[in-house]
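Student: with the input below, show me the fold.
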Amino acid sequence: MSILSRISFTDIAVLVAGIVMGVLWSLGVARNSAVAHAQASVSSPSAPDVAAELEAIKGKLTDQSHVMQDVSYHFSNLWFAGQHENWDLANFYWTETRSHLRWAVRVIPKRKDNARQDVDLVTILQAFENGPLQQLQAAIAAKNKTAFEANYRASLETCYGCHKAADKPFLRLQIPQRPETPLMNFDPRASWPR
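Tutor: Residues are numbered from 1 along each chain as shown. A predicted model of the protein is given here:
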C-alpha cells in the first residue's frame, strides 16, 4: 500500500491549509516589518532634514505685503460699491476685506517695531473688527451712504494707526480715486451683457 493511498482527503486539505496559512503568515510578517521600517524612516527624519524642509515650505508661502495688496483691492472696491449704493456688492467687498485682514494677521500675528518691541496685530485687528469695521458693516446693512462714508474714513484712520504702530507711517492711506478694477460694474441696476 502506497503512502498516497493511506492519506485521506481531509489530511490533504489540512496540509494545504497549513501551507497556505504559513505562507500568508510569513508574508504578513515580512510586510509588517517593511511597513514598520518605512514608517520609522518617514516619521523620524533627521533634524537637519526637517529644518531644511520647513525652510523650503516657508519660501513658498505668501508674505504679508501680498495679502495686504488683496486687502487694498477689496477695500478700494468697497468704496466705489458704497458710492454707487450697490449694497450687496459693498457687503461682498466688506466681507472680503475682513477675510483678507484675518489672513494677513495669520501670516504675521506679531511684528517687531523699530525698538524691537512686539506689535500684537491680532489684538489690533480684533479692536478694528469690533469698532470701525463693524460700524462700516452696519452702515452697509442700513444702506446709509452718509454713515458709510464716515465709517469708511474712520476705518482708513484706524488702518493708518496700525501702520504707525508697526513703524510704517509711510504707508499713508487715502480715499481711492478710481476702482482697483475697471472690469467691475458698480451700478446696482446693471444688467449683463452690457
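
Student: ranges for the helices of this protein?
Tutor: For the chain, applying DSSP state H gives helices covering 3-6, 9-43, 47-60, 64-83, 87-107, 121-130, 132-142, 145-165.

Student: poorly predicted segments of the chain, please.
Tutor: 1-48, 193-194 (pLDDT under 70).

Student: how does it divide into domains?
Tutor: According to automatic domain parsing, the chain comprises the domains 3-51, 62-165.

Student: could you pull out the buried residues of stretch 136-153?
Tutor: 136-137, 139-140, 144-145, 147-149, 151-152 (16 or more other CB atoms under 10 Å). (C-beta placed from N, C-alpha, C; glycine too.)

Student: pipe those residues into a markdown table and attach distance to Val107 per row.
Tutor: Converted to a markdown table, these look like this (distance: CB to CB, whole Å):
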| residue | distance to Val107 |
| --- | --- |
| Leu136 | 23 |
| Gln137 | 23 |
| Ala139 | 29 |
| Ile140 | 26 |
| Asn144 | 33 |
| Lys145 | 34 |
| Ala147 | 32 |
| Phe148 | 29 |
| Glu149 | 30 |
| Asn151 | 26 |
| Tyr152 | 25 |
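
Student: distance of the closest residue in space to Val71 that isn't next to it in sequence from His84?
Tutor: Once flanking residues are discounted, Val71 sits nearest to His100: 4.6 Å by CB to CB, 6 or more residues apart in numbering. Separation of His100 from His84 (CB to CB, to the nearest Å): 22 Å.

Student: re the thing from before, so the residue nearest to Val71 sits right up against Gln69, yeah?
Tutor: No. In this structure His100 lies outside contact range of Gln69 using CB atoms under 8 Å: 9.2 Å.

Student: now do the same contact list for Leu133.
Tutor: 94, 97-98, 155 (CB atoms under 8 Å, 6 or more residues apart in numbering).

Student: ok, now how distant is the closest residue to Val67 other than its chain neighbours from Asn144?
Tutor: Among residues not flanking Val67 along the chain, Ala104 sits closest, at 4.2 Å (CB to CB, 6+ apart). Noted for Ala104: a distance of 28 Å to Asn144, by CB to CB.

Student: just Trp94 next, same as before
Tutor: 14 Å.

Student: picking that back up, could you single out the nearest of the contacts of Leu133 to Ala127?
Tutor: Ser155 (12.0 Å; CB to CB).

Student: the closest one and Pro132 touch, don't they?
Tutor: Yes. Counting by CB under 8 Å, Ser155 does reach Pro132; the two are 4.4 Å apart.

Student: nearest the geometric middle of the protein, what residue?
Tutor: Trp103 (6.2 Å; CA atoms, centre = their mean).
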